[in-house]
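Colleague: Need the 3D shape of this:
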Amino acid sequence: MKNTGGRLVTTVCLLAALGLALEFRHGGASAAAATATAPAEDPQKVTVDAEQAKQVHVTTTIERDFAPRVEATGRVDFDQDRLAQVTSPYAGRVRDVFVRAGASVTQGQPLFSVDSPDLTQAEGALVGAAGAREQTHVALQRAKGMAAVQANAPRDLEQAVADEQTAEGNYQAARRTLHLFGKNDAEIDQIAAGRKVDGVLRIDSPIAGVVSQRNVAPGDLLQPGTGVPFTIGVRDSLWLVADVPENDAVQVRVGQPMTATVAGRPIDATVNYVADSSDANTHRVTVRAVLDKRPEGIRAQMLAAIAIRTATPERHIAVPEDAVVRESDGGLVVFTTDDGLTFTRRPVHLGEPRDGYYPVLSGLPGHGRIAAEGALFLSNALALRAR
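Modeller: Got it, this is the predicted structure:
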């Protein structure tokens, strides 16, 4: 009886062990089968839920024309070909200033006057020459009258003629000197007739325009080496001046379209001058265009962002700048999508950005939907999953 009970216990244990072995084998096979049939995650794709998708703005790619161009900093300047820097040709102290900065002036309008010692001396020489001319003329007439009645020797008449000619030459030389000071014939005649010396040198504007700079005041002493008192520029004509890096300047030619953005306003022009040499200090080349008509509100010396189109525009698929992610290795990628939830990472080769868009040179298959704002979020999510 005891042996029968022992055999029963042994049989039960054997059956239990066999059941556990069968269960373990069946469970292990099921797990292996599940592992073999589960799809592997695509390392180039990332899926977000509806809440996360709110952080991603999806847009559609477009086609745009991209023109190769050179960009440079620049400025607006007066037309230097129609600019006059006005100063006194002789030293002296400023007596009066007749116009203010920004005033419009006509050609020949007085700008300022100077008490000039040189002019005083020249006017004094004219007065003396005029007196000597008159005296020798009277003496010559008297000598001629006396010679007519043989009341003097012939050499006295000859001396009177010589004296009169010398006085006339001195007088004409004095007049020419005053012409150099800007005096006209009427003013010179008035000085000679009135025997009055004032020494006031009046400086007139040589052109019609606007006073762009005034650097003089009554009482200032003008002499060689002092600054230019007045600068007169033509109101309507301006220059757009660009300082182009010398590496880019090789692409620039006369006749190419130029666009300058000044105070947020685009201004179109055409390149009409490219300097023959580069600045030795800045290594930049001066390029300019002429604006024959001043745009409203644009003034000389305003800063400008200048772009020069150097070739014919090319058409490319365009993606917004915020759709492009620069990865840690320097590569550029965008994320495409069909449903707005699953995004595919696509490495791309891009050109230079223009007006907020990159031209796609390769890597993007045709038109489609891409992630714009929020593309960086997708890149970070993909990177975290790969860790």
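Colleague: how far away is the closest residue in space to Gln213 that isn't next to it in sequence from Gly74?
Modeller: Distance criterion C-beta to C-beta, 6 or more residues apart in numbering; nearest residue to Gln213, sequence neighbours excluded, is Thr231 at 4.0 Å. Backbone N, C-alpha and C define where each C-beta goes, glycine included. Using C-beta to C-beta, to the nearest Å, one obtains 21 Å as the distance from Thr231 to Gly74.
Colleague: Which one's more surrounded, the two?
Modeller: Using other C-beta atoms under 10 Å as the criterion, Thr231 and Gly74 rank with Gly74 on top: 27 against 19.
Colleague: I figured that one was touching Val241, is that so?
Modeller: Yes - shown here, Gly74 and Val241 form a contact pair, counting by C-beta atoms under 8 Å, at 5.4 Å.
Colleague: picking that back up, and the residue nearest to Gln213, what element?
Modeller: strand 230-233 (DSSP states H and E).
Colleague: With just CA atoms, put that strand into PDB.
Modeller: What follows is strand 230-233 as a C-alpha-only set of coordinates in PDB (Å, rounded to 0.1, in the frame of the first residue of the first chain):
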ATOM      1  CA  PHE A 230      29.700 125.000 -48.600                       C
ATOM      2  CA  THR A 231      28.800 121.900 -50.600                       C
ATOM      3  CA  ILE A 232      26.100 122.300 -53.200                       C
ATOM      4  CA  GLY A 233      24.400 119.200 -54.700                       C
END
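Colleague: Give the rounded mean pLDDT of that strand.
Modeller: Summarised as a single mean, pLDDT over strand 230-233 is 92.
Colleague: related to what we said a few turns ago, give me every residue that touches the residue nearest to Gln213.
Modeller: Thr231 is in contact with Phe78, Leu83, Ala84, Gln85, Val86, Val211, Ser212, Gln213, counting by C-beta atoms under 8 Å, 6 or more residues apart in numbering.
Colleague: What are the boundaries of the helices in the chain?
Modeller: 2-37, 50-53, 117-148, 154-180, 185-194, 246-249, 375-386 (DSSP state H).
Colleague: May I see the buried residues of the fourth one?
Modeller: So the one you mean is helix 154-180. Leu157, Ala160, Asp163, Glu164, Ala167, Asn170, Tyr171, Ala174, Arg175, Thr177, Leu178 (16 or more other C-beta atoms under 10 Å).
Colleague: unless I'm mixing things up, the fifth one is touching Gly128, no?
Modeller: Okay, so that is Ala167. No - between Ala167 and Gly128 there is no contact under C-beta under 8 Å: 9.9 Å.
Colleague: In contact with the most centrally placed residue in the chain, which residues?
Modeller: Geometric centre of the chain, nearest residue: Gly74, 1.3 Å, by C-alpha atoms, centre = their mean. If you count contacts by C-beta under 8 Å, 6+ apart, Gly74 has them with Leu240, Val241, Ala242, Asp243, Ala260, Leu303, Ala304, Ala305, Ile306.
Colleague: same question, Gln190
Modeller: By C-beta under 8 Å, 6+ apart, Gln190 lies in contact with Lys196.
Colleague: again, but for Arg202
Modeller: Going by C-beta under 8 Å, 6+ apart, Arg202 touches Pro110, Phe112, Ser113, Gly182.
Colleague: Count the neighbours of the first one for me.
Modeller: If I follow you right, that is Pro110. Counted with other C-beta under 10 Å, the neighbours of Pro110 add up to 14.
Colleague: correct me, but it touches Arg95?
Modeller: No - here Pro110 lies out of contact with Arg95, judged by C-beta under 8 Å, at a distance of 11.3 Å.
Colleague: what bridges to the residue nearest to Gln213?
Modeller: Judged by DSSP bridges, the bridge partners of Thr231 are Gln85, Gln213.
Colleague: can you redo the helices of the chain as a markdown table with distance to Gln223 and mean pLDDT?
Modeller: Formatted as a markdown table, those follow (distance: least, C-beta to C-beta, whole Å; pLDDT from 0 to 100):
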| stretch | distance to Gln223 | mean pLDDT |
| --- | --- | --- |
| helix 2-37 | 98 | 42 |
| helix 50-53 | 77 | 89 |
| helix 117-148 | 11 | 84 |
| helix 154-180 | 18 | 86 |
| helix 185-194 | 24 | 87 |
| helix 246-249 | 40 | 94 |
| helix 375-386 | 66 | 86 |
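Colleague: would TSV of those helices with distance to Arg354 be doable?
Modeller: Converted to TSV, the helices of the chain look like this (distance: least, C-beta to C-beta, whole Å):
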stretch	distance to Arg354
helix 2-37	50
helix 50-53	30
helix 117-148	61
helix 154-180	58
helix 185-194	63
helix 246-249	16
helix 375-386	19
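Colleague: between these, which gets nearest to Val325?
Modeller: Smallest distance to Val325 across the helices of the chain (C-beta to C-beta): 4.5 Å, for helix 375-386.
Colleague: name the helices or strands packed onto the closest one?
Modeller: When contacts are defined as 3 or more C-beta pairs under 8 Å, 6 or more residues apart in numbering; DSSP states H and E, helix 375-386 sits against strand 45-47, strand 325-326, strand 332-337, strand 342-347.
Colleague: ok, now with 7 Å
Modeller: strand 45-47, strand 325-326, strand 332-337 (3 or more C-beta pairs under 7 Å, 6 or more residues apart in numbering; DSSP states H and E).
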